[in-house]
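**Q** Sequence plus the predicted model coming up.
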Amino acid sequence: MRRWSDLPHLARRFLGQLDSSPPASWELSWVRGLLSDAEWNLFEAMADPDRRHAVAVATAVADELGAGRTGDTVAGDAMAGGAMVGGAMVGDAMAGGDPGTGHEGRAFEVRHMLEAADLEAEILLRCALMHDVGKTDARLGPMGRVAATLLELAGLDHSPRLGAGSELSDRLARYRDYPSTGAQWLRSAGSPEAVAVWAEEHHMDPDQWTLPAELCRVLTDADDC
(Lines give C-alpha, C1' and ligand atoms only; values in the text may rest on other atoms or scores of the structure.)
Protein backbone atom coordinates (compact mmCIF):
# COMPACT_ATOMS: atom_id res chain seq x y z
CA MET A 1 0.00 0.00 0.00
CA ARG A 2 1.38 3.37 -1.03
CA ARG A 3 1.50 6.07 1.66
CA TRP A 4 1.77 9.85 1.39
CA SER A 5 5.11 9.54 3.16
CA ASP A 6 6.35 7.72 0.04
CA LEU A 7 6.10 10.89 -2.06
CA PRO A 8 9.83 11.83 -1.96
CA HIS A 9 10.73 8.34 -3.18
CA LEU A 10 7.99 8.45 -5.80
CA ALA A 11 9.18 11.86 -7.03
CA ARG A 12 12.69 10.45 -7.56
CA ARG A 13 11.26 7.47 -9.40
CA PHE A 14 9.22 9.79 -11.65
CA LEU A 15 12.33 11.74 -12.61
CA GLY A 16 14.12 8.47 -13.31
CA GLN A 17 11.28 7.41 -15.60
CA LEU A 18 11.99 10.39 -17.84
CA ASP A 19 15.37 8.89 -18.78
CA SER A 20 14.77 6.05 -21.22
CA SER A 21 18.39 4.93 -21.49
CA PRO A 22 19.08 1.24 -20.74
CA PRO A 23 21.45 -0.06 -18.07
CA ALA A 24 25.11 -0.26 -19.07
CA SER A 25 26.21 -3.44 -20.83
CA TRP A 26 28.48 -4.45 -17.95
CA GLU A 27 25.58 -3.97 -15.52
CA LEU A 28 23.42 -6.26 -17.65
CA SER A 29 26.20 -8.86 -17.67
CA TRP A 30 26.28 -8.73 -13.87
CA VAL A 31 22.51 -9.12 -13.66
CA ARG A 32 22.48 -11.98 -16.17
CA GLY A 33 24.89 -13.91 -13.97
CA LEU A 34 22.54 -13.61 -11.00
CA LEU A 35 19.18 -14.51 -12.57
CA SER A 36 17.75 -17.74 -13.88
CA ASP A 37 16.85 -17.92 -17.58
CA ALA A 38 13.15 -17.38 -16.80
CA GLU A 39 13.89 -14.45 -14.50
CA TRP A 40 16.17 -12.92 -17.11
CA ASN A 41 13.34 -13.06 -19.66
CA LEU A 42 11.11 -11.19 -17.22
CA PHE A 43 13.85 -8.67 -16.50
CA GLU A 44 14.46 -8.06 -20.21
CA ALA A 45 10.75 -7.29 -20.71
CA MET A 46 10.85 -4.50 -18.11
CA ALA A 47 11.03 -0.86 -19.22
CA ASP A 48 14.57 0.49 -19.27
CA PRO A 49 13.98 2.97 -16.40
CA ASP A 50 12.68 0.09 -14.27
CA ARG A 51 15.69 -2.03 -15.17
CA ARG A 52 18.04 0.82 -14.25
CA HIS A 53 16.27 1.21 -10.92
CA ALA A 54 16.47 -2.54 -10.27
CA VAL A 55 20.22 -2.48 -10.93
CA ALA A 56 20.62 0.51 -8.59
CA VAL A 57 18.72 -1.27 -5.80
CA ALA A 58 20.72 -4.47 -6.27
CA THR A 59 23.95 -2.45 -6.27
CA ALA A 60 23.02 -0.88 -2.93
CA VAL A 61 22.25 -4.34 -1.51
CA ALA A 62 25.55 -5.67 -2.85
CA ASP A 63 27.27 -2.79 -1.09
CA GLU A 64 25.58 -3.80 2.17
CA LEU A 65 26.87 -7.34 1.61
CA GLY A 66 30.38 -6.07 1.02
CA ALA A 67 30.23 -7.20 -2.61
CA GLY A 68 31.02 -5.43 -5.87
CA ARG A 69 29.44 -5.66 -9.30
CA THR A 70 31.71 -5.79 -12.33
CA GLY A 71 32.24 -9.44 -13.12
CA ASP A 72 31.43 -10.30 -9.53
CA THR A 73 29.17 -12.97 -8.11
CA VAL A 74 28.04 -13.64 -4.59
CA ALA A 75 28.55 -17.26 -3.68
CA GLY A 76 25.65 -19.19 -2.26
CA ASP A 77 26.87 -20.25 1.17
CA ALA A 78 28.21 -16.86 2.21
CA MET A 79 28.44 -17.70 5.86
CA ALA A 80 30.29 -20.98 5.51
CA GLY A 81 33.34 -19.51 3.85
CA GLY A 82 32.59 -15.90 2.98
CA ALA A 83 31.22 -14.66 -0.33
CA MET A 84 33.34 -14.99 -3.45
CA VAL A 85 33.54 -11.57 -5.05
CA GLY A 86 35.90 -10.86 -7.92
CA GLY A 87 38.17 -13.70 -6.83
CA ALA A 88 38.41 -12.51 -3.21
CA MET A 89 36.65 -13.85 -0.17
CA VAL A 90 34.37 -11.26 1.40
CA GLY A 91 33.69 -11.92 5.02
CA ASP A 92 37.04 -13.52 5.93
CA ALA A 93 36.87 -11.60 9.16
CA MET A 94 33.77 -13.58 10.05
CA ALA A 95 35.72 -16.79 10.08
CA GLY A 96 37.52 -15.47 13.11
CA GLY A 97 34.35 -14.16 14.65
CA ASP A 98 35.45 -10.54 14.34
CA PRO A 99 32.68 -8.38 12.86
CA GLY A 100 34.94 -5.37 12.50
CA THR A 101 33.56 -1.85 12.49
CA GLY A 102 31.90 0.54 10.06
CA HIS A 103 30.97 -0.90 6.68
CA GLU A 104 32.66 -4.24 7.33
CA GLY A 105 30.70 -4.58 10.54
CA ARG A 106 27.45 -3.87 8.70
CA ALA A 107 28.23 -6.50 6.07
CA PHE A 108 28.94 -8.95 8.89
CA GLU A 109 25.54 -8.20 10.44
CA VAL A 110 23.67 -8.61 7.15
CA ARG A 111 25.34 -11.94 6.42
CA HIS A 112 24.48 -13.25 9.86
CA MET A 113 20.87 -12.22 9.26
CA LEU A 114 20.95 -14.24 6.04
CA GLU A 115 22.39 -17.22 7.86
CA ALA A 116 19.69 -17.01 10.55
CA ALA A 117 17.01 -16.89 7.83
CA ASP A 118 18.65 -19.78 5.92
CA LEU A 119 18.91 -17.59 2.82
CA GLU A 120 21.81 -17.23 0.41
CA ALA A 121 23.25 -13.79 -0.27
CA GLU A 122 22.43 -14.18 -3.96
CA ILE A 123 18.72 -14.49 -3.12
CA LEU A 124 18.75 -11.03 -1.56
CA LEU A 125 20.19 -9.61 -4.78
CA ARG A 126 17.52 -11.37 -6.84
CA CYS A 127 14.85 -9.89 -4.54
CA ALA A 128 16.28 -6.46 -5.28
CA LEU A 129 16.40 -7.04 -9.04
CA MET A 130 12.91 -8.49 -9.46
CA HIS A 131 10.73 -6.61 -6.97
CA ASP A 132 9.15 -4.32 -9.63
CA VAL A 133 8.78 -6.91 -12.39
CA GLY A 134 4.97 -6.82 -12.29
CA LYS A 135 4.90 -3.22 -13.54
CA THR A 136 5.35 -4.56 -17.06
CA ASP A 137 1.75 -5.82 -16.99
CA ALA A 138 0.23 -2.33 -16.86
CA ARG A 139 2.13 -0.84 -19.83
CA LEU A 140 1.94 2.67 -18.33
CA GLY A 141 4.29 5.54 -19.01
CA PRO A 142 5.43 8.08 -16.40
CA MET A 143 2.22 10.13 -16.35
CA GLY A 144 0.02 7.04 -16.24
CA ARG A 145 2.01 5.78 -13.27
CA VAL A 146 1.55 9.12 -11.52
CA ALA A 147 -2.21 8.86 -12.06
CA ALA A 148 -2.32 5.27 -10.79
CA THR A 149 -0.33 6.20 -7.68
CA LEU A 150 -2.50 9.22 -6.89
CA LEU A 151 -5.63 7.09 -7.23
CA GLU A 152 -4.13 4.54 -4.84
CA LEU A 153 -3.17 7.25 -2.33
CA ALA A 154 -6.73 8.59 -2.55
CA GLY A 155 -8.13 5.10 -1.94
CA LEU A 156 -9.89 4.90 -5.31
CA ASP A 157 -10.12 1.73 -7.40
CA HIS A 158 -10.37 3.69 -10.66
CA SER A 159 -10.66 7.20 -11.97
CA PRO A 160 -14.22 8.51 -11.49
CA ARG A 161 -13.90 10.34 -14.80
CA LEU A 162 -12.84 7.24 -16.70
CA GLY A 163 -15.26 4.92 -14.95
CA ALA A 164 -14.75 1.25 -14.30
CA GLY A 165 -14.19 -1.07 -17.24
CA SER A 166 -12.39 1.27 -19.62
CA GLU A 167 -9.04 0.11 -21.03
CA LEU A 168 -7.08 2.86 -19.29
CA SER A 169 -8.90 2.30 -16.00
CA ASP A 170 -8.01 -1.39 -16.28
CA ARG A 171 -4.34 -0.54 -16.85
CA LEU A 172 -4.36 1.79 -13.85
CA ALA A 173 -5.81 -1.01 -11.73
CA ARG A 174 -3.19 -3.46 -13.02
CA TYR A 175 -0.47 -1.02 -12.03
CA ARG A 176 -1.95 -0.83 -8.54
CA ASP A 177 -1.91 -4.64 -8.36
CA TYR A 178 1.56 -5.11 -9.87
CA PRO A 179 3.15 -6.52 -6.68
CA SER A 180 0.84 -9.55 -6.68
CA THR A 181 1.17 -9.90 -10.46
CA GLY A 182 4.95 -9.89 -10.19
CA ALA A 183 4.83 -12.52 -7.45
CA GLN A 184 2.67 -14.77 -9.64
CA TRP A 185 5.05 -14.39 -12.57
CA LEU A 186 8.06 -15.19 -10.40
CA ARG A 187 6.45 -18.29 -8.94
CA SER A 188 5.60 -19.43 -12.48
CA ALA A 189 9.24 -18.77 -13.42
CA GLY A 190 10.42 -21.07 -10.64
CA SER A 191 12.05 -18.29 -8.61
CA PRO A 192 12.95 -18.92 -4.98
CA GLU A 193 9.91 -18.26 -2.82
CA ALA A 194 11.64 -15.38 -1.03
CA VAL A 195 12.02 -13.53 -4.36
CA ALA A 196 8.30 -13.89 -5.12
CA VAL A 197 7.33 -12.95 -1.57
CA TRP A 198 9.36 -9.74 -1.65
CA ALA A 199 7.83 -8.76 -4.99
CA GLU A 200 4.44 -9.14 -3.33
CA GLU A 201 5.25 -7.51 0.01
CA HIS A 202 7.65 -4.67 -0.77
CA HIS A 203 4.92 -2.01 -0.51
CA MET A 204 3.38 -3.50 2.63
CA ASP A 205 3.78 -2.10 6.11
CA PRO A 206 6.56 -3.73 8.15
CA ASP A 207 4.09 -5.54 10.40
CA GLN A 208 2.83 -7.40 7.31
CA TRP A 209 6.22 -8.63 6.13
CA THR A 210 6.70 -12.39 6.27
CA LEU A 211 10.41 -12.31 5.44
CA PRO A 212 12.81 -11.39 8.28
CA ALA A 213 12.23 -7.73 9.08
CA GLU A 214 15.91 -6.76 9.17
CA LEU A 215 16.52 -8.18 5.69
CA CYS A 216 13.40 -6.40 4.44
CA ARG A 217 14.84 -3.16 5.80
CA VAL A 218 18.05 -3.75 3.87
CA LEU A 219 15.91 -4.05 0.72
CA THR A 220 13.67 -1.07 1.46
CA ASP A 221 16.64 1.14 2.35
CA ALA A 222 18.26 0.17 -0.96
CA ASP A 223 15.00 0.90 -2.79
CA ASP A 224 14.86 4.38 -1.26
CA CYS A 225 18.45 5.33 -2.01
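**A** Yep, that arrived.

**Q** Does residue 148 lie in a helix or a strand, and which?
**A** Element membership for residue 148, per DSSP states H and E: helix 142-153.

**Q** Which strands or helices does that helix pack on?
**A** With contacts taken as 3 or more Cβ pairs under 8 Å, 6 or more residues apart in numbering; DSSP states H and E, helix 142-153 sits against helix 7-17, helix 167-176. For the C-beta atoms, the positions are set from N, CA and C on the backbone; glycine is no exception.

**Q** for that helix, which positions count as buried?
**A** 142, 145-149, 151-152 (16 or more other Cβ atoms under 10 Å).

**Q** Could you check how far that helix is from the centre of its chain?
**A** Relative to the chain's own centre, helix 142-153 is displaced by 20 Å; criterion: Cα atoms, centre = their mean, to the nearest Å.

**Q** Kindly report the same for stretch 119-127.
**A** The chain centre lies 10 Å from the centre of stretch 119-127; the measure is Cα atoms, centre = their mean.

**Q** quick one: residue 212 and residue 115 touch, right?
**A** No - counting by Cβ atoms under 8 Å, residue 212 does not reach residue 115; the two are 10.9 Å apart.

**Q** where among the helices and strands packed on helix 142-153 is the average confidence lowest?
**A** Among these, helix 7-17 carries the lowest mean pLDDT, a mean of 67.

**Q** and the helix or strand following it, what other elements does it pack with?
**A** Going down the chain from helix 7-17, the next helix or strand is helix 25-34, by DSSP H and E. Judged by 3+ Cβ pairs under 8 Å, 6+ apart, helix 25-34 is in contact with helix 37-45, helix 48-64, helix 121-130.

**Q** quick one: low-confidence ranges for this protein?
**A** 1-10, 13-14, 17, 67-103, 154-165 (pLDDT under 70).

**Q** mind redoing it with 90?
**A** Applying pLDDT under 90 to the chain picks out residues 1-20, 65-119, 138-176, 224-225.

**Q** any idea which residue sits dead centre in it?
**A** Centroid-nearest residue in the chain, with Cα atoms, centre = their mean: residue 128, separated by 2.6 Å.

**Q** separation between it and residue 114?
**A** To residue 114, residue 128 is 13 Å away according to Cβ to Cβ, to the nearest Å.

**Q** Over to residue 140?
**A** Separation of residue 140 from residue 114 (Cβ to Cβ) stands at 34 Å.

**Q** ok so, going back, so which of the helices and strands packed on helix 25-34 is the most surrounded?
**A** Of the helices and strands packed on helix 25-34, the one with the most neighbours on average (mean count of other Cβ atoms under 10 Å) is helix 121-130, at a mean of 26.

**Q** Against which helices or strands is it packed?
**A** Going by 3+ Cβ pairs under 8 Å, 6+ apart, helix 121-130 lies up against helix 25-34, helix 37-45, helix 48-64, helix 102-116, helix 193-201, helix 213-224.

**Q** Just tell me which of the ones you listed ends up closest to residue 187.
**A** When these are compared by Cβ to Cβ, helix 193-201 sits nearest residue 187, at 4.8 Å.

**Q** Could you check the closest one and say which residues are buried?
**A** Neighbour counts over helix 193-201 (16+ other Cβ under 10 Å) mark 194-201 as buried.
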